[in-house]
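>>> Sequence below, structure please.
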Amino acid sequence: MLFEKLIQENNIWDAHIVAKNMFNRNLGRTDDFLQFFNFALSVAAYPIESDTRRFFAKEAETAMTVFSENVEISDETLAVIVDARKRLFKIVQELSDIDTKKAEESLVERRKRNEASLKCFIEIKGKMFNTKKQSDFDSLLAQLAKVESSIAKDAFTDEQQALYDSLTKDFSQLVSNKMEELAHFSNVEYNKAALTNFQAAFNAFRDNESKYTGSESQLFTLVSRKLFSYDASRLFSETLIYYNHVYSYIFGKLNDDGKFRLTQYSIDAEKVRR
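Got it, this is the predicted structure:
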(Lines give C-alpha, C1' and ligand atoms only; values in the text may rest on other atoms or scores of the structure.)
Protein backbone atom coordinates (compact mmCIF):
# COMPACT_ATOMS: atom_id res chain seq x y z
CA MET A 1 0.00 0.00 0.00
CA LEU A 2 1.35 3.47 -0.93
CA PHE A 3 0.74 5.00 2.49
CA GLU A 4 2.70 2.28 4.34
CA LYS A 5 5.49 2.51 1.79
CA LEU A 6 5.84 6.25 2.32
CA ILE A 7 5.82 5.81 6.09
CA GLN A 8 8.65 3.29 5.84
CA GLU A 9 10.60 5.79 3.75
CA ASN A 10 9.93 8.44 6.41
CA ASN A 11 8.35 10.62 3.76
CA ILE A 12 5.82 12.23 6.07
CA TRP A 13 4.70 14.99 3.71
CA ASP A 14 3.72 12.67 0.88
CA ALA A 15 2.25 10.24 3.38
CA HIS A 16 0.17 13.11 4.70
CA ILE A 17 -1.22 13.80 1.22
CA VAL A 18 -2.14 10.14 0.66
CA ALA A 19 -3.74 9.57 4.08
CA LYS A 20 -5.69 12.82 3.91
CA ASN A 21 -6.94 11.96 0.44
CA MET A 22 -8.17 8.56 1.60
CA PHE A 23 -9.96 10.14 4.55
CA ASN A 24 -11.55 12.93 2.50
CA ARG A 25 -13.02 10.39 0.08
CA ASN A 26 -14.62 8.53 3.00
CA LEU A 27 -15.36 11.12 5.69
CA GLY A 28 -17.56 8.86 7.76
CA ARG A 29 -15.36 5.76 7.58
CA THR A 30 -13.71 4.98 10.92
CA ASP A 31 -10.67 3.10 9.54
CA ASP A 32 -9.71 5.90 7.16
CA PHE A 33 -10.23 8.52 9.87
CA LEU A 34 -8.08 6.64 12.38
CA GLN A 35 -5.34 6.06 9.80
CA PHE A 36 -5.08 9.78 9.06
CA PHE A 37 -5.70 10.95 12.64
CA ASN A 38 -3.18 8.54 14.19
CA PHE A 39 -0.60 9.44 11.56
CA ALA A 40 -1.04 13.19 12.07
CA LEU A 41 -1.02 12.83 15.85
CA SER A 42 2.13 10.68 15.78
CA VAL A 43 3.97 13.31 13.73
CA ALA A 44 2.73 16.01 16.11
CA ALA A 45 4.36 14.04 18.91
CA TYR A 46 7.75 13.81 17.16
CA PRO A 47 10.64 15.75 18.74
CA ILE A 48 10.88 18.08 15.73
CA GLU A 49 10.40 21.81 15.18
CA SER A 50 7.32 23.25 16.82
CA ASP A 51 5.76 24.66 13.65
CA THR A 52 5.60 21.24 12.01
CA ARG A 53 4.22 19.68 15.17
CA ARG A 54 1.51 22.35 15.43
CA PHE A 55 0.60 21.87 11.76
CA PHE A 56 -0.02 18.15 12.18
CA ALA A 57 -1.84 18.65 15.48
CA LYS A 58 -4.16 21.06 13.67
CA GLU A 59 -4.67 18.54 10.87
CA ALA A 60 -5.60 15.89 13.45
CA GLU A 61 -8.04 18.30 15.11
CA THR A 62 -9.68 19.19 11.80
CA ALA A 63 -10.00 15.52 10.86
CA MET A 64 -11.63 14.72 14.21
CA THR A 65 -14.14 17.56 13.75
CA VAL A 66 -15.00 16.52 10.19
CA PHE A 67 -15.32 12.85 11.19
CA SER A 68 -17.58 13.74 14.14
CA GLU A 69 -19.90 15.64 11.80
CA ASN A 70 -20.08 12.95 9.12
CA VAL A 71 -19.97 9.58 10.88
CA GLU A 72 -23.08 7.84 12.08
CA ILE A 73 -22.88 8.17 15.84
CA SER A 74 -23.03 4.97 17.84
CA ASP A 75 -21.52 3.83 21.09
CA GLU A 76 -18.54 2.53 19.16
CA THR A 77 -17.91 5.65 17.03
CA LEU A 78 -18.52 7.94 20.00
CA ALA A 79 -15.87 6.03 21.94
CA VAL A 80 -13.47 6.49 19.00
CA ILE A 81 -14.10 10.24 18.96
CA VAL A 82 -13.75 10.60 22.75
CA ASP A 83 -10.48 8.65 22.74
CA ALA A 84 -9.18 10.72 19.82
CA ARG A 85 -10.09 13.92 21.64
CA LYS A 86 -8.22 12.83 24.79
CA ARG A 87 -5.10 11.92 22.85
CA LEU A 88 -5.25 15.13 20.85
CA PHE A 89 -5.67 17.23 24.01
CA LYS A 90 -2.54 15.65 25.47
CA ILE A 91 -0.45 16.61 22.44
CA VAL A 92 -1.94 20.11 22.25
CA GLN A 93 -1.20 20.61 25.94
CA GLU A 94 2.36 19.43 25.43
CA LEU A 95 2.85 21.89 22.57
CA SER A 96 1.31 24.66 24.66
CA ASP A 97 3.71 23.89 27.52
CA ILE A 98 6.63 24.05 25.09
CA ASP A 99 5.46 27.40 23.76
CA THR A 100 4.97 28.73 27.27
CA LYS A 101 8.46 27.63 28.29
CA LYS A 102 9.99 29.25 25.20
CA ALA A 103 8.05 32.45 25.83
CA GLU A 104 9.24 32.54 29.45
CA GLU A 105 12.85 31.92 28.40
CA SER A 106 12.56 34.60 25.72
CA LEU A 107 11.12 37.06 28.25
CA VAL A 108 13.99 36.44 30.66
CA GLU A 109 16.54 36.95 27.88
CA ARG A 110 14.86 40.12 26.60
CA ARG A 111 14.77 41.54 30.12
CA LYS A 112 18.49 40.83 30.48
CA ARG A 113 19.15 42.71 27.26
CA ASN A 114 16.93 45.54 28.48
CA GLU A 115 18.95 45.72 31.68
CA ALA A 116 22.15 46.04 29.66
CA SER A 117 20.57 48.70 27.44
CA LEU A 118 19.42 50.74 30.44
CA LYS A 119 22.96 50.61 31.83
CA CYS A 120 24.19 51.95 28.49
CA PHE A 121 21.61 54.73 28.80
CA ILE A 122 23.06 55.71 32.17
CA GLU A 123 26.62 55.66 30.79
CA ILE A 124 25.63 57.79 27.78
CA LYS A 125 23.83 60.22 30.08
CA GLY A 126 27.00 60.73 32.12
CA LYS A 127 29.16 61.22 29.03
CA MET A 128 26.63 63.59 27.49
CA PHE A 129 26.51 65.70 30.63
CA ASN A 130 30.29 66.16 30.55
CA THR A 131 30.87 66.55 26.80
CA LYS A 132 32.15 69.89 25.53
CA LYS A 133 32.37 69.14 21.81
CA GLN A 134 29.59 69.11 19.23
CA SER A 135 31.12 66.10 17.46
CA ASP A 136 31.14 64.09 20.70
CA PHE A 137 27.58 65.17 21.43
CA ASP A 138 26.42 64.06 17.97
CA SER A 139 28.18 60.71 18.44
CA LEU A 140 26.43 60.19 21.79
CA LEU A 141 23.06 61.02 20.23
CA ALA A 142 23.70 58.35 17.58
CA GLN A 143 24.63 55.84 20.30
CA LEU A 144 21.49 56.76 22.22
CA ALA A 145 19.29 56.15 19.18
CA LYS A 146 20.96 52.78 18.55
CA VAL A 147 20.44 51.63 22.15
CA GLU A 148 16.86 52.90 22.10
CA SER A 149 16.08 50.81 19.01
CA SER A 150 17.36 47.66 20.73
CA ILE A 151 15.05 47.93 23.75
CA ALA A 152 12.09 45.55 24.01
CA LYS A 153 9.68 47.81 25.86
CA ASP A 154 6.95 45.18 25.99
CA ALA A 155 9.29 43.04 28.11
CA PHE A 156 9.99 45.69 30.77
CA THR A 157 9.65 44.79 34.42
CA ASP A 158 7.95 47.45 36.53
CA GLU A 159 11.37 48.59 37.76
CA GLN A 160 12.79 48.76 34.23
CA GLN A 161 9.77 50.74 33.04
CA ALA A 162 10.15 53.23 35.88
CA LEU A 163 13.88 53.64 35.19
CA TYR A 164 13.30 54.01 31.45
CA ASP A 165 10.63 56.67 31.99
CA SER A 166 12.92 58.57 34.35
CA LEU A 167 15.89 58.37 31.96
CA THR A 168 13.76 59.44 29.00
CA LYS A 169 12.61 62.51 30.92
CA ASP A 170 16.19 63.28 31.98
CA PHE A 171 17.50 62.92 28.43
CA SER A 172 14.87 65.26 27.07
CA GLN A 173 15.99 68.01 29.41
CA LEU A 174 19.69 67.15 29.11
CA VAL A 175 19.71 67.23 25.30
CA SER A 176 17.93 70.58 25.28
CA ASN A 177 20.33 72.07 27.84
CA LYS A 178 23.39 70.61 26.14
CA MET A 179 22.39 71.99 22.75
CA GLU A 180 22.12 75.47 24.28
CA GLU A 181 25.41 75.00 26.09
CA LEU A 182 27.28 73.83 22.99
CA ALA A 183 25.78 76.62 20.93
CA HIS A 184 27.07 79.07 23.55
CA PHE A 185 30.53 77.45 23.55
CA SER A 186 30.58 77.66 19.76
CA ASN A 187 29.60 81.31 19.81
CA VAL A 188 32.24 82.09 22.42
CA GLU A 189 34.94 80.57 20.21
CA TYR A 190 33.47 82.34 17.20
CA ASN A 191 33.61 85.69 19.01
CA LYS A 192 37.16 85.08 20.24
CA ALA A 193 38.29 84.41 16.69
CA ALA A 194 36.41 87.47 15.43
CA LEU A 195 37.90 89.72 18.10
CA THR A 196 41.41 88.53 17.30
CA ASN A 197 40.92 89.27 13.62
CA PHE A 198 39.31 92.64 14.26
CA GLN A 199 42.35 93.63 16.33
CA ALA A 200 44.67 92.35 13.61
CA ALA A 201 42.82 94.47 11.02
CA PHE A 202 43.00 97.54 13.26
CA ASN A 203 46.71 97.14 14.01
CA ALA A 204 47.60 96.45 10.39
CA PHE A 205 45.70 99.52 9.14
CA ARG A 206 46.92 101.84 11.89
CA ASP A 207 50.55 100.82 11.46
CA ASN A 208 50.54 101.35 7.69
CA GLU A 209 47.62 103.58 6.72
CA SER A 210 49.12 104.69 3.43
CA LYS A 211 49.37 101.06 2.26
CA TYR A 212 45.63 100.55 2.60
CA THR A 213 44.28 104.01 1.81
CA GLY A 214 46.29 104.09 -1.39
CA SER A 215 45.42 100.61 -2.71
CA GLU A 216 41.95 99.18 -3.19
CA SER A 217 43.31 95.65 -3.51
CA GLN A 218 45.29 95.88 -0.26
CA LEU A 219 42.32 97.34 1.57
CA PHE A 220 39.97 94.68 0.18
CA THR A 221 42.31 91.85 1.19
CA LEU A 222 42.62 93.20 4.72
CA VAL A 223 38.98 93.91 5.51
CA SER A 224 37.47 90.94 3.63
CA ARG A 225 39.66 88.50 5.56
CA LYS A 226 39.89 90.17 8.94
CA LEU A 227 36.96 92.51 9.42
CA PHE A 228 33.98 91.57 7.27
CA SER A 229 34.23 87.80 7.42
CA TYR A 230 32.04 87.32 10.52
CA ASP A 231 28.27 87.05 10.82
CA ALA A 232 27.04 89.95 12.96
CA SER A 233 24.06 87.89 14.19
CA ARG A 234 26.49 85.61 16.05
CA LEU A 235 28.57 88.35 17.60
CA PHE A 236 28.12 89.41 21.21
CA SER A 237 27.30 93.06 21.89
CA GLU A 238 30.79 93.59 23.31
CA THR A 239 32.37 92.19 20.17
CA LEU A 240 30.17 94.38 18.00
CA ILE A 241 31.23 97.46 19.95
CA TYR A 242 34.87 96.71 19.19
CA TYR A 243 34.01 95.91 15.56
CA ASN A 244 32.27 99.28 15.21
CA HIS A 245 35.33 101.00 16.69
CA VAL A 246 37.65 99.38 14.15
CA TYR A 247 35.27 99.99 11.27
CA SER A 248 34.79 103.64 12.23
CA TYR A 249 38.54 104.17 12.54
CA ILE A 250 39.24 102.78 9.06
CA PHE A 251 36.16 104.47 7.57
CA GLY A 252 37.27 107.84 8.92
CA LYS A 253 40.69 107.56 7.28
CA LEU A 254 39.32 106.99 3.76
CA ASN A 255 38.26 109.49 1.13
CA ASP A 256 34.72 109.47 -0.23
CA ASP A 257 35.47 106.84 -2.87
CA GLY A 258 37.24 104.71 -0.30
CA LYS A 259 34.29 104.96 2.06
CA PHE A 260 32.01 103.73 -0.73
CA ARG A 261 34.33 100.81 -1.52
CA LEU A 262 34.62 99.87 2.15
CA THR A 263 30.84 99.78 2.47
CA GLN A 264 30.60 97.69 -0.69
CA TYR A 265 33.21 95.26 0.62
CA SER A 266 31.26 94.80 3.84
CA ILE A 267 28.14 93.81 1.87
CA ASP A 268 29.90 91.44 -0.52
CA ALA A 269 32.22 89.70 1.92
CA GLU A 270 31.73 85.94 2.50
CA LYS A 271 31.02 85.16 6.13
CA VAL A 272 32.70 82.57 8.32
CA ARG A 273 29.95 80.13 9.33
CA ARG A 274 31.65 78.05 12.00
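
>>> where in the stretch 101-250 of the chain is pLDDT low?
Filtered on pLDDT under 70, the stretch 101-250 of the chain yields no residues whatsoever.

>>> do you know how far Gly28 is from Glu69?
Distance of Gly28 to Glu69, given as Cβ to Cβ, to the nearest Å: 9 Å. No exception for glycine: its C-beta is placed from N, CA and C like everyone else's.

>>> make that Ser186, sorry
From Ser186 to Glu69 the distance is 78 Å (Cβ to Cβ).

>>> These two: who's more crowded?
Just comparing Ser186 and Glu69: by other Cβ atoms under 10 Å the higher neighbour count belongs to Ser186, 14 against 9.

>>> and the gap between Leu227 and Tyr190?
Distance from Leu227 to Tyr190, by Cβ to Cβ: 15 Å.

>>> quick one: contacts for the residue lying closest to Arg111 once chain neighbours are set aside?
Distance criterion Cβ to Cβ, 6 or more residues apart in numbering; nearest residue to Arg111, sequence neighbours excluded, is Ala155 at 5.4 Å. Going by Cβ atoms under 8 Å, 6 or more residues apart in numbering, Ala155 touches 107, 110-111, 114.

>>> again, only this time at 10 Å
Applying Cβ atoms under 10 Å, 6 or more residues apart in numbering, we find Ala155 in contact with 106-114.

>>> Repeat that for Asn38.
The contact partners of Asn38, by Cβ under 10 Å, 6+ apart, come to 19, 60, 63, 84, 87.

>>> what helix or strand does it sit in?
Assigned by DSSP states H and E, Asn38 belongs to helix 30-44.

>>> Quick check: mean pLDDT of that helix?
Helix 30-44 shows a mean pLDDT of 94 in the predicted model.

>>> Quick check: buried residues in it?
30, 32-37, 39-41, 43-44 (16 or more other Cβ atoms under 10 Å).

>>> Right, I'll call it a day here.
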